[in-house]
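Undergrad: just a sequence and a predicted model for now, questions to come.
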Amino acid sequence: MSTASNPGPPGTPPRAAFVVAATGRAAFVDDSGAEPVVGPASTLLPRVRAVAEATGDDATGRTRLVWWAATVDARDLVADGIPVARCWDVAEAHRLLHGGWDARPAVAWAAAHGIPVETVPEATRGDLFDFSATDGPPPGAVVRPDGHLDPGAGAAGWEPDDATLVAWARAALECAALQESQLRALGPRAVAAAHSESAAALLCVELARDGLPIDRAVAEDLIARAAGPRPADHADALRIRRERDQVVLREVPGRESTDLRNPGQVRGLLAAVGIDVPNTRKWVLEPFRDTHRVVPALLEWRKAERIATTYGYGWLDAHVGPDDRLRGGWTACDGAAGRMTAQNGLHNLPIELRPAVAAHPGHVFVRADLGQIEPRVLAVVSGDPAFAAATRAADLYAPVAERLGVERAVAKVAVLAAMYGQRSGAAGEALKGLERAYPVAMRLLDDAYAAGVRREPLRTFGGRLIRLDAMLVSEAAGSGADGSAGAGGSEAPASTAAYDSARGRFARNAIIQGSAAELFKAWAATVRATTRDLGAQIVLCLHDELLVHVPAEHAEEASARVERALVDSARRWAGSSQVRFVADTSVIERWSQAKD
DNA sequence: ATAAGTACGTA
DNA sequence: CGTACGTACTTATT
């Protein structure tokens, strides 16, 4: 098999793979021909730290650490607090190159080697325990005779010997080298994107380690306001729940037995007071607020019920640790456009609960959110010089409005409609103005839409593949093809036109949303790297918003570096400073103090 | 047990 | 003014 010497172009920095098996043993292998190191992960960490902390221009100072996936291989070194600056995450590079989310090592390996991914073997118990299998890799290797990576390698229950673990590390190096050359063929931006995505994946492991600082007393108080006091036992919980329900049910005498959690029964209750609705969703009920007192009562009940169930005492107990940190799992990209995701409410905490997110003693938050990021990203992706000129304003809708000769509000609706919406409706005239003023940007949106309709994949600005073949479960839920006045055929409930336009909207949105996610991650990675020496921790990433937990004495310096990081990362990401990006940055003690 | 449907929180 | 995500509860299906 390959010795995985560095096959990149001259000047490619050295790489070293660090991989960890579930047994706790790790291998550290560099591509300079040095002797591999194998042993318990904990004993290898000092060596990894030396590489991670090395500075300067010498070879070791620029070494990029390679692993299959940060969640697995970087766990121990993140737990140890090792500040890795440069890494290559094979899984994230694979997701960038090929789209989708499945990036198991065997899949990334096959794709990197040009082997059809459909032929990747399933991991079975036989791969792990049946040593007589003729199709398995030979002893001390991880590649099978058919060229596939052993699908059992890296899976649960895998117990490699040291030679196999070294082979596993060498395979990661080989994969990274192949991926880099494939990304380079897409353009230099794609290699930079892989670096940035890899840093984001590492940041995700750190986010899961550090958690979001919580003021537990305030959290308890806010929950109590919505869900009532903490129940003493199960019977108490039922009583409190009944009392919460009674506030709604007493508005409709004779219907006290309605189950408010059953939408069908709620519909019946509403019908009894003369409100006939197709469903009981919030926006359907909203117009009936003044029709009957039960409607506002029900809507208030729903908000309280949401906090009581999803963000109640159970949530607090399960996810906020004894150190008052809210923790959840993080992923560096979703399976569609590439935004970060988080679990346990970190990405959808109701605004009412945000006062409970508070810096710990001696610390503050530096909060920064990107202003109007999506139209600014459109200016970069499309390369529209006129639209880029508009981004130089702090409020880009102002120059757009001036150019179109309309009010700012009209210009804003038109831009948003062009980026997200159907190209029709109220903003029609302003949309025509956009076409004339910014033809390059509008053309990009139209082209993306058309590619989506044709099921053709596209790439974000940084090169992430947006696939339109295997996906779009959500298109069935979207738009629904209703409004069919005539009695349609008994089958074909949704027209193909509805599916086509759903794909078109998805594609148009994904290229903007996904490119914005790339810029965001580049920014976050830069903030992480440049504020570490201040004792700063990124504790939340929310699509266009960063929350950094900082020792109070370094608040101003950290703010300045967050702003600086945006200028630098935007210039690197966009390849120029033609398009301006702006952040609203403030120093606060509670997340709720953020102005909006 | 698992899946689908409904509902709603965030950007 | 679209897209994406995660979570919980109910109902239907295996």
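TA: Arrived safely. Numbers count the residues shown, from 1 in each chain, chains lettered A, B, ... in the order given.
Undergrad: contacts, neighbours, all on C-alpha from now
TA: Will do.
Undergrad: residues of chain A that sit close to DNA strand B?
TA: Applying Cα under 7 Å from any atom of the strand, one finds that chain A approaches DNA strand B through A:263, A:279-283, A:299, A:302-303, A:306, A:347-352, A:542-545.
Undergrad: what residues of the longest helix along chain A count as buried?
TA: In chain A, taking DSSP state H as the definition, the longest helix is helix A:496-531. Across helix A:496-531, burial judged by 16 or more other Cα atoms under 10 Å covers A:498-531.
Undergrad: kindly report the same for stretch A:589-596.
TA: A:589, A:590, A:591, A:592, A:594.
Undergrad: OK, contacts around the last one?
TA: So the one you mean is residue A:594. A:367, A:586, A:588 (Cα atoms under 8 Å, 6 or more residues apart in numbering).
Undergrad: what does the model give it for pLDDT?
TA: Residue-level confidence at residue A:594 comes out at 71, pLDDT.
Undergrad: what's stretch A:257-276 in contact with?
TA: A:245, A:249, A:252, A:255, A:277, A:279, A:280, A:288, A:292.
Undergrad: outline the domain layout of chain A.
TA: Following the TED database, one gets these domains for chain A: A:16-121+A:143-186, A:217-317, A:366-478+A:492-593.
Undergrad: and the shortest one, how far apart are its ends?
TA: To tie it back to what came earlier, the one meant is domain A:217-317. 13 Å (Cα to Cα, to the nearest Å).
Undergrad: which of the contacts of residue A:594 fall within strands?
TA: Of these, the ones assigned to strands by DSSP state E are A:367, A:586, A:588.
Undergrad: residues contacting the closest residue to the last one other than its chain neighbours?
TA: Translated: residue A:588. Closest residue to residue A:588 apart from its sequence neighbours, by Cα to Cα, 6 or more residues apart in numbering: residue A:365 at 5.2 Å. Listed by Cα under 8 Å, 6+ apart, the contact partners of residue A:365 are A:358, A:359, A:547, A:548, A:549, A:550, A:555, A:587, A:588, A:589, A:590, A:591.
Undergrad: center of chain A, which residue is that?
TA: Taking Cα atoms, centre = their mean, the centroid of chain A lies closest to residue A:340, which sits 1.0 Å from it.
Undergrad: one step back: does DNA strand C have contacts with the helix or strand hosting the residue nearest to residue A:588?
TA: Assessed by DSSP states H and E, residue A:365 sits inside strand A:363-371. No: if you take Cα under 7 Å from any atom of the strand as the test, strand A:363-371 misses DNA strand C, and the best it gets is 13.8 Å.
Undergrad: give me the sheet partners of that strand and which way each runs.
TA: Strand A:363-371 pairs in its sheet with strand A:545-551 (antiparallel), strand A:582-588 (antiparallel), by DSSP bridges.
Undergrad: coming back round to it: quick one: the contacts of residue A:594 as TSV, columns for distance to residue A:565 too.
TA: Formatted as TSV, the contacts of residue A:594 follow (distance: Cα to Cα, whole Å):
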residue	distance to residue A:565
A:367	14
A:586	15
A:588	19
